[in-house]
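> Here you go, sequence then predicted model.
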Amino acid sequence: MAGAGGSVPAAPASSPAPSRARRWLAVWGRNFRVWRKLVGPALLGNIGEPLLYLFGLGYGLGVFVGRVQGLDYITFLASGIVCASAMNTASFEGMYSAYTRMAVQHTWIGMLTTPLSTADVVVGEALWAATKSLFSAAAILLVAAALGVVHGWAALWVLPLAFLVGLCFGAMALVVTAVAGNYDFFLYYFTLLLTPMVLLSGVFFPLEQMPRAVQLGAELLPLSHAVALVRPLMTGGSLHGVALHLIVLVAYTGAGLVLATRLVDRRLMS
Amino acid sequence: MTGPVPSHRPEPGPTARTVPPAASLAVRARGLRKTYDDKPVVDGIDLEVQSGECFGLLGPNGAGKTTTLRMLLGMTVPEAGELSVLGHGVPAEARRLRSRIGVVPQMDNLDPDFTVVENLLTYASYFGLSGEAVASRVEDLIAFAALESKRKARIDALSGGMKRRLTLARALVNDPRLIVLDEPTTGLDPQARQLIWGRLRGLVREGRTLILTTHYMEEAERLCSRVAIMDRGRILATGEPRELIAEHIEPHVLEVHGDDLDAWLAGAAASRAARIERVGETAFCYVDDERPLVEDLCRCEHLRFLHRPANLEDVFLKLTGRELRD
């Protein structure tokens, strides 16, 4: 065995360094191929759980709640669940899964010894987190449509929005991952930021009856801007302030990507 | 292990060599420096690696070997100094450089969710390589790594030696001219090491440049055409292994232990050995002509001894000291 096969033939001709899109796609593709292998449990977590909330709260609580903003409670709730699920899916991917790749399996450091840079890894990871949010939103949208609680084809705009929401929360999760010392650290972010955000962004109930200060504070939360876009699109309501809502989501995404890149750089490349 | 040993500070060895034409250099470094927490980890080193040679970077734990390798790859930015690798300025052109380099990291980072084949294909995608040409290259690399029967196996089903071979094959996916290996055989059994050594020699025969770190001196002696001995962030000596042995160490070593050691050292040994080092219960006697001492030792029935030629480990220990590095 030891003597055989000593020489290695030349590699296929390649451009000296792949293009930016190709580098992002390489990171995304690696995660996609792993996901495809473990698709069962992944789908259960990302789609099964939000559907349980939709059925449980929508039909269970809906009986007591009656109509909210002129809608059946389940109709009101479905659009909120789509946003919360896009947020959760990307956050989990950007924290627990990304941390495993960064600190346990050392996948990132392996990528960084190739032409990929820290920015390529961070953007590729965020794009992948956004893709998972898209899958999750699409599944919930499909079920909601089957239940007859989606009004019109405009609801398809929810899909690119879910991707943007995933990009935004994926990028922010990567910031947390870059400074995390272990998995327990993520509980701070979930408990102190994400859970209050779900409760204060109009996912389960409208904010109109909340104190003025809380309503103003909610304006700072990216999730409330996502809900403000997704709800009218799914329920046939009229859209207001589209540009502002998009700008807030894009701003959080951009800041998250830049900060995550710098922090990962400091962690792995110093 | 051995008891407390008086440490002796090594003299900084000669690092300057005749400067060959720049075109034949794979690595040219001048005054590289890196500090962590006010502690210099790499403290102003000069390094030249010729194209096509196997160059060894030797040193105890914490000597600065891995940081030096990371600098060569553009993964750690030096605070001072100039560095050019394969003609690329580093870190400015690090991305283009890394597309032409192969890396075997110290820490195993194969993708545990993928099979052997998938690991190679995925790593190729990081270089922008895909399609049929890569698929056929991956088959060649699997043969190179002697993993034909494991192509569909998951990583956790591979032995330590198989994983190392796969990591080495992975580093060749972009047909690199320079391959950087951080402790390529640490933790492997002798059979697995022999196979890796054979492969590395093959790569040098193909004209590739290898830079490796190791703390196995016999590995460095067997594989490397030149070595640099590093300690505390500095290069203490550079040269061919045989040259370094001749330059720093007497040709013969007698390792002696037993009940009458003290008396023997004070008597026969003191007058005949060029240098004696005492490590716990054992004395290392370095001599130019071993015969008088060997004859003497054969008459001492309470002493046991081993006679061997001096090797790179003796040079290493002389230059870096014998105290433990944890």
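Sure, I can see it.
> Go through stretch B:205-212 and flag the buried ones.
B:208-212 (16 or more other CB atoms under 10 Å in any protein chain shown). Heads up, the C-betas are built off the backbone N, CA and C, glycines and all.
> out of these, which one sits closest to chain A?
For the buried residues of stretch B:205-212, the minimum distance to chain A (CB to the nearest CB) is 8.9 Å, reached by B:Arg208.
> That closest one reaches B:Ile179, doesn't it?
Yes: taking CB atoms under 8 Å as the definition, B:Arg208 is a contact partner of B:Ile179 at 6.0 Å.
> can you tell me which helix in chain A is longest?
helix A:118-146 (DSSP state H).
> Quick check: closest non-adjacent residue to residue 269.
Answering for chain A, as no chain was given. Leaving aside its sequence neighbours, A:Met269 sits nearest to B:Met75 (CB to CB, 6 or more residues apart in numbering or on different chains; 5.5 Å).
> The intended chain is chain B.
Using CB to CB, 6+ apart, the closest residue to B:Ala269 is B:Cys285 (5.6 Å).
> Could I get the average pLDDT for the longest helix of chain A?
Across helix A:118-146, pLDDT averages out at 95.
> For it, buried residues please.
A:118-141, A:143-144.
> when you scan it, is anything in it near chain B?
No: Helix A:118-146 does not reach chain B (CB under 8 Å from any CB of the partner chain); its nearest approach is 9.0 Å.
> For whichever helix or strand comes after that helix, output the C-alpha coordinates as CSV.
Toward the C-terminus, helix A:118-146 is succeeded by helix A:158-179 as the next helix or strand (DSSP states H and E). C-alpha atoms of helix A:158-179 as CSV (Å, rounded to 0.1, in the frame of the first residue of the first chain):
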residue,chain,number,x,y,z
VAL,A,158,-44.1,37.2,2.0
LEU,A,159,-41.5,34.8,0.6
PRO,A,160,-38.8,37.4,-0.3
LEU,A,161,-39.7,39.2,2.9
ALA,A,162,-39.1,36.0,4.9
PHE,A,163,-35.7,35.7,3.2
LEU,A,164,-34.9,39.3,4.2
VAL,A,165,-36.0,38.7,7.8
GLY,A,166,-33.9,35.5,7.9
LEU,A,167,-30.9,37.5,6.5
CYS,A,168,-31.4,40.1,9.2
PHE,A,169,-31.7,37.7,12.1
GLY,A,170,-29.1,35.4,10.7
ALA,A,171,-26.6,38.3,10.6
MET,A,172,-27.5,39.3,14.1
ALA,A,173,-27.2,35.8,15.4
LEU,A,174,-23.7,35.5,13.9
VAL,A,175,-22.7,38.6,15.9
VAL,A,176,-23.7,36.7,19.0
THR,A,177,-21.9,33.5,17.8
ALA,A,178,-18.7,35.4,17.2
VAL,A,179,-18.4,36.4,20.9
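> Backbone dihedrals for B:Leu58, both of them.
The phi and psi torsions at B:Leu58 (degrees, to the nearest 10) take the values phi -110, psi 150.
> Surely the residue nearest to A:Met269 touches A:Met111?
No: in terms of CB under 8 Å, B:Met75 does not count as a neighbour of A:Met111; the distance is 11.4 Å.
> Name the residue in these two with the higher neighbour count.
Neighbour count, other CB atoms under 10 Å in any protein chain shown: between B:Met75 and A:Met111, A:Met111 has more, with 25 against 20.
> Distance of the more buried one relative to chain B?
According to CB to the nearest CB, to the nearest Å, A:Met111 and chain B sit 6 Å apart.
> per-residue confidence at that residue?
97.
> Please apply the same query to A:Val8.
54.
> just to revisit the earlier point, what angle do helix A:158-179 and the longest helix of chain A make with each other?
140 degrees (axes from the mean of the first three to the mean of the last three CA atoms, to 10 degrees).
> now for helix A:118-146, which elements pack on it?
helix A:20-37, helix A:39-43, helix A:49-55, helix A:73-92, helix A:107-112, helix A:158-179, helix A:242-268 (3 or more CB pairs under 8 Å, 6 or more residues apart in numbering or on different chains; DSSP states H and E).
> how far does the fifth one sit from the chain's center?
Same thing as helix A:107-112. Helix A:107-112 sits 22 Å away from the centroid of its parent chain (CA atoms, centre = their mean, to the nearest Å).
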